[in-house]
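Peer 1: Below are the sequence and a predicted model; questions follow.
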Amino acid sequence: MHKTTSITTIMVLILLLVGQGLGQPSTYCPLCLHEAYQQGVRDSGGIVSLPDAAEIVMLLDRSGSMADMKAEMEEAIGSFVAKQAKVNPSTRMTLIEFDDIGYYISVNRAPVMAVDRIAIEPRGRTPLLDALGRTMEDVSKRITCGKIIMVIITDGLENASINWSRDQVLLRVNHMRDKHGWEFIYLGANQDAIAVGSKIGIPLSLNYDATTLLTSVDCVSIATSNFILDGSIDANDLVITEPNNR
């Protein structure tokens, strides 16, 4: 009787220590990860570090041509966020919007369930290579977690980069995929997205237009969920067979 009571007491103390942020859970636990995030478990450099956590980094082209599908894109991203929140509310999300006028971190490592509706303000041109290179560089310095997936959404071709070349981006993408286990999905309109993606080391690519945007982003959401849950993506998730009925 006394032995059982002592073991129970010890277990309660361990759980309390973990709940207070004085320890970290040794196995993946969505609730524990969410509580740890809320309590700000950080290392000496201020970086959030949670075991087996997942991070979605969305890089969104907000150049002027996006004005033609602004409402549709906002709706599609909102749907993506809602579906990811159901998969794991402790998944973190960073959303970066870019054009040749600025580079904006609209959402910064927030729990996906806390991400508000996104409002896009299209303008400028598309420095896609610069935005992708900068994002990989910045994220690799400030985020340490189990799984990172980058979702790149653009409605046009590169036309304004000055700091990163295609070969430099290709090398960095390959490095992050091979050495750090990152995954990338390229979603492009008004182009051959599969060809463009392959030239920068991203084999998981999908074309879209205004009529297939919601369906395409739904495919990306399914692939992202699979990566978060299983650590891998089936390329068939990015194949649209019936755009209006998926």
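Peer 2: Done, it's in.
Peer 1: if I look at the nearest residue to residue 232 once chain neighbours are set aside, how far off is residue 83?
Peer 2: Using CB to CB, 6 or more residues apart in numbering and skipping the chain neighbours, the partner closest in space to residue 232 is residue 226 (6.7 Å). Any C-beta I mention is one placed from the backbone N, CA and C, and that applies to glycine too. According to CB to CB, to the nearest Å, residue 226 and residue 83 sit 12 Å apart.
Peer 1: Skipping adjacent residues, who's closest to the residue most central in space within the chain in space?
Peer 2: Centroid check for the chain by CA atoms, centre = their mean gives residue 56 as the closest residue, at 1.7 Å. Residue nearest to residue 56 in three dimensions, not counting chain neighbours: residue 93, with 4.6 Å by CB to CB, 6+ apart.
Peer 1: Check residue 197 too.
Peer 2: Spatially, and ignoring its direct neighbours in sequence, residue 197 is nearest to residue 205 (3.3 Å; CB to CB, 6+ apart).
Peer 1: Name all residues that make contact with that neighbour.
Peer 2: Neighbour list for residue 205: 185-188, 193-194, 196-198, 238 [criterion: CB atoms under 8 Å, 6 or more residues apart in numbering].
Peer 1: From residue 129, how far off is it?
Peer 2: 16 Å.
Peer 1: How about residue 226?
Peer 2: For residue 226, the distance to residue 129 - CB to CB - is 28 Å.
Peer 1: got it, and residue 229?
Peer 2: From residue 229 across to residue 129, the span is 31 Å (CB to CB).
Peer 1: Between the two, tell me which one has more neighbours.
Peer 2: Legend: neighbour count by other CB atoms under 10 Å for residue 229 and residue 129, higher for residue 129 (21 against 12).
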